[in-house]
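Undergrad: all I have is the shape, not the residue letters:
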């Protein structure tokens, strides 16, 4: 490279000697560097003097790291003669200002010149990039391992907690079985016989779901689909309990009926449906007059209030229980729900005051798919709900007001391979309301549908009647002993069972999808 004589110092700088010990002048990148080379030589000499006591002349004054012999941090010089790493000084002149970081002389990126030396004592960073990348990968891998370790710890804690719950549940079942064995006494050999007295087809297309009986007028109703193509929908069919013959069809809903309940005093039929309506029909009148409540969601269950004949309750698909007043049927009196629990309400039961010691003021019991909740009544207001310690998923719940016992049905789950039927009563404990189980009855290993079970009374004995899908029969268990005492063949799936007492007969009535069956005790 040719450099003008006026712009190059006649003597080599001290830095040149430190680099090469020769008199060869520093080669510049461009001939335009002109007279500023003399300042550069002075700066090199100054750095060389300091280098006798330290290695500061090998460091970039901006980042205090060694210069590189290639790459972004290679050594360069400004026209004022001060040396820097290229990436540092370019960022400085671009972001910080237009002056040299050392002497504050005005400068700009166009004055940056690379220095080409035959020998320069610098640290070789040719492998630094690779090492930095490896370090970054190691740190990321370490972070991933730490996250995975936390997940494993959380999973282990969850499994330990679940193991403890299963141990407690196993102890609970063992305790219940021990209690059941101690109750086996004189009735342990009790056995009853059932026989099918009549089987009656209600509808050819199916659609039967629930049945209910009004004892005062001796009326039996079963939900069916309409057989009239001009008036499709769902309704209830009256059945003469003495002759086993269907009589009158009452049109009720446009979609499937989920539940029906007779009033305990008057011939009022309360029905709820997936068409988001609840209807009350007076079955004693010729016109079957109605009043209708429209809900925001499909309705799954219903019940009358046993304390006030004007109140009723409906359970929704969204998990709420609505309290309604028939005198003002357009809007609910109040809504009972569990925050965060949107499972459908399968059964809702009203407990009258002074009928249960655990809740002396009465209350509402709501059975959902995966939980059972008690809403105690407190001067026409409902206290905070309490969950009963039972394992679902549940299918139905019923209550016997005479014995104060509940029958809560649940189907198989991942922890238990068979259906369970919890017979027990509410109890007060230091920790609040609880469920005291007298028996856990072992049912079917298969349960496809939400079948209903019921209490059956016969000859001063009480039984539990349930349908077993895997055995294709329905069975009777003695409530006192927990023993199975009878069974009857049922080839078709049974959706609902009820016990009907007349002046001459004691019947167990079961409803399948198309027909109704009447069983008698022999």
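TA: Everything's here; your move. Since we're looking at a predicted model, the values are computed, not measured.
Undergrad: quick check, residue 159 in a helix?
TA: Yes: judged by DSSP: H, G, I helix; E, B strand; the rest coil, residue 159 forms part of a helix.
Undergrad: for it, grab the count of nearby residues.
TA: 10 (other Cβ atoms under 10 Å). To be clear about C-beta, it is placed using only N, CA and C from the backbone, and glycine gets the same treatment.
Undergrad: for it, give me the pLDDT.
TA: Listed pLDDT for residue 159 reads 92.
Undergrad: tell me how far it lies from residue 153.
TA: 11 Å (Cβ to Cβ, to the nearest Å).
Undergrad: let's test this: mean pLDDT of stretch 87-98, rounded?
TA: 88.
Undergrad: and it, what's buried?
TA: For stretch 87-98, burial by neighbour count (16 or more other Cβ atoms under 10 Å) applies to 87, 88, 89, 92, 93.
Undergrad: span of it from start to end?
TA: End-to-end distance of stretch 87-98 (Cα to Cα, to the nearest Å): 15 Å.
Undergrad: with stretch 214-230 instead?
TA: End-to-end distance (Cα to Cα), stretch 214-230: 30 Å.
Undergrad: buried residues in that stretch?
TA: Counting neighbours by 16+ other Cβ under 10 Å, stretch 214-230 gives 214, 219, 220, 221, 222, 223, 224, 225, 226 as buried.
Undergrad: so the last one is in contact with residue 250, correct?
TA: What that stands for is residue 226. No: using Cβ atoms under 8 Å, residue 226 makes no contact with residue 250, being 10.4 Å away.
Undergrad: any common contacting residues for those two?
TA: residue 235 (Cβ atoms under 8 Å, 6 or more residues apart in numbering).
Undergrad: helices along the stretch 301-450 of the chain, start to end?
TA: Using DSSP state H, counting those that start in this stretch, no helices are found in the stretch 301-450 of the chain.
Undergrad: show me where it has strands.
TA: With DSSP state E, counting those that start in this stretch, the ranges of strands along the stretch 301-450 of the chain come out as 311-316, 321-325, 334-336, 345-351, 363-368, 372-378, 381-382, 386-387, 394-400, 405-410, 420-429, 432-442.
Undergrad: thinking again about what came up before, so can I have a markdown table of the buried residues of stretch 87-98 showing distance to residue 484 and secondary structure?
TA: Shown next, in a markdown table, are the buried residues of stretch 87-98 (distance: Cβ to Cβ, whole Å; DSSP: H, G, I helix; E, B strand; the rest coil):
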| residue | distance to residue 484 | secondary structure |
| --- | --- | --- |
| 87 | 87 | helix |
| 88 | 89 | helix |
| 89 | 94 | helix |
| 92 | 91 | helix |
| 93 | 94 | helix |
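Undergrad: and of the strands of the stretch 301-450 of the chain, who's closest to residue 292?
TA: strand 321-325 (11.1 Å; Cβ to Cβ).
Undergrad: you'd agree residue 135 is in a helix?
TA: Yes: the assignment for residue 135 by three-state DSSP puts it in a helix.
Undergrad: so how far is residue 142 from it?
TA: 10 Å.
Undergrad: likewise residue 85?
TA: Distance from residue 85 to residue 142, by Cβ to Cβ: 31 Å.
Undergrad: the two: who's more crowded?
TA: Using other Cβ under 10 Å, the more surrounded residue of residue 85 and residue 142 is residue 85, with 23 against 10.
Undergrad: residues in contact with the more buried one?
TA: By Cβ under 8 Å, 6+ apart, the neighbours of residue 85 are 60, 62, 63, 65, 67, 68, 72, 73, 74, 75, 76.
Undergrad: I'd say residue 499 and residue 464 touch.
TA: No: Residue 499 lies out of contact with residue 464 (Cβ under 8 Å); the separation is 10.5 Å.
Undergrad: check for me that residue 192 belongs to a helix.
TA: No: counting by three-state DSSP, residue 192 is not part of a helix but coil.
Undergrad: which non-adjacent residue is nearest it?
TA: Spatial nearest neighbour of residue 192, chain neighbours left out: residue 486 (4.7 Å); criterion: Cβ to Cβ, 6 or more residues apart in numbering.
Undergrad: please apply the same query to residue 462.
TA: Here the residue nearest residue 462, using Cβ to Cβ, 6+ apart, is residue 479, at 4.3 Å.
Undergrad: tell me the pLDDT of residue 148.
TA: At residue 148, pLDDT is 93.
Undergrad: part of a helix, is it?
TA: Yes: per three-state DSSP, residue 148 lies within a helix segment.
Undergrad: count the residues that sit near it.
TA: Around residue 148 there are 10 residues (other Cβ under 10 Å).
Undergrad: repeat that for residue 211.
TA: So residue 211, with other Cβ under 10 Å, has 24 neighbours.
Undergrad: would you agree it is in contact with residue 516?
TA: Yes: Residue 211 lies in contact with residue 516 (Cβ under 8 Å); the separation is 7.1 Å.
Undergrad: so how many other residues sit close to residue 517?
TA: 21.
Undergrad: ok, now how distant is it from residue 198?
TA: Taken as Cβ to Cβ, the span from residue 517 to residue 198 is 7 Å.
Undergrad: residue 420 versus residue 174, what's the distance?
TA: From residue 174 over to residue 420 (counting by Cβ to Cβ), the distance is 15 Å.
Undergrad: circling back: name the element the residue nearest to residue 192 belongs to?
TA: strand 484-489 (DSSP states H and E).
Undergrad: re earlier: the strands of the stretch 301-450 of the chain: which one's closest to residue 241?
TA: Taking Cβ to Cβ, strand 394-400 is the member of the strands of the stretch 301-450 of the chain nearest to residue 241, at 20.6 Å.
Undergrad: right, I'll call it a day here.
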